[in-house]
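> how would this look folded up:
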Amino acid sequence: MAKAKGPKRPTRDEFEMEELGERLVEAQQEELQIKLIVWNWDQPVLGKITKMDSRTKSVHMEYKGNITKVHFMDIMKIQSIDA
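Numbers count the residues shown, from 1 in each chain. Alright, predicted model coming up:
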C-alpha cells in the first residue's frame, strides 16, 4: 500500500537556495537575531544561529537558552529582527 502523503514542500530553484544559504552564513557570522519562516510549522523560529550541520543539513537556532533544529530545505524565508 502507498503511504498517504501530506502537503508537498514548495520547490525552489538553485538561485533561491544559494541566496538562502548565503543569508544564513551571514547571519551566523554576524551573530544576528533572525526569524525563520519554516514550511509546515505554525510558528516562526526566532534566535541566533549557533550551528549549521552539513551532515544532517540542519540549522541550529538558539533563543532564550532553547535550541531548535530546522532542516535547511524547510526554511522558506529569513527575516532580520530589529534589536
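
> What pairs with the longest strand anywhere in the chain, parallel or antiparallel?
Longest strand in the chain by number of residues, with DSSP state E as the criterion: strand 45-53. Strand pairing for strand 45-53, determined by DSSP bridges: strand 34-38 (antiparallel), strand 58-63 (antiparallel).

> which parts of the first one are buried?
When burial is assessed from 16 or more other Cβ atoms under 10 Å, strand 34-38 yields the following buried residues: 34-36, 38. C-beta here means a position set from N, CA and C on the backbone, and glycine is covered the same way.

> can you list those residues in CSV and add distance to Val59?
Converted to CSV, the buried residues of strand 34-38 look like this (distance: Cβ to Cβ, whole Å):
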residue, distance to Val59
Ile34, 10
Lys35, 13
Leu36, 7
Val38, 10
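
> Using TSV, lay out those together with pLDDT and distance to Ile67.
TSV is the format used below for the buried residues of strand 34-38 (pLDDT from 0 to 100; distance: Cβ to Cβ, whole Å):
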residue	pLDDT	distance to Ile67
Ile34	97	15
Lys35	97	16
Leu36	97	13
Val38	96	15
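
> tell me which residues in the helix or strand hosting Leu20 are buried?
According to DSSP states H and E, Leu20 maps onto helix 14-29. Within helix 14-29, the residues scored as buried using 16+ other Cβ under 10 Å are 20, 23-24, 27-28.

> Please report the number of neighbouring residues for Met61.
Using other Cβ atoms under 10 Å, the number of residues around Met61 comes to 22.

> actually Glu62, not the one I wrote
When neighbours are defined as other Cβ under 10 Å, Glu62 has 14 of them.

> That one and Lys48 touch, don't they?
Yes. Assessed by Cβ atoms under 8 Å, Glu62 is found in contact with Lys48 at 5.6 Å.

> where does this protein have low pLDDT?
Applying pLDDT under 70 to the chain flags the ranges 1-6, 82-83.

> Closest to the centroid, which residue in it?
Ile75 (3.9 Å; Cα atoms, centre = their mean).

> circling back: can you tell which of the strands paired with strand 45-53 is closest to Asp13?
For these, proximity to Asp13 was assessed by Cβ to Cβ; strand 34-38 is nearest, at 17.9 Å.

> No more questions from me, cheers.
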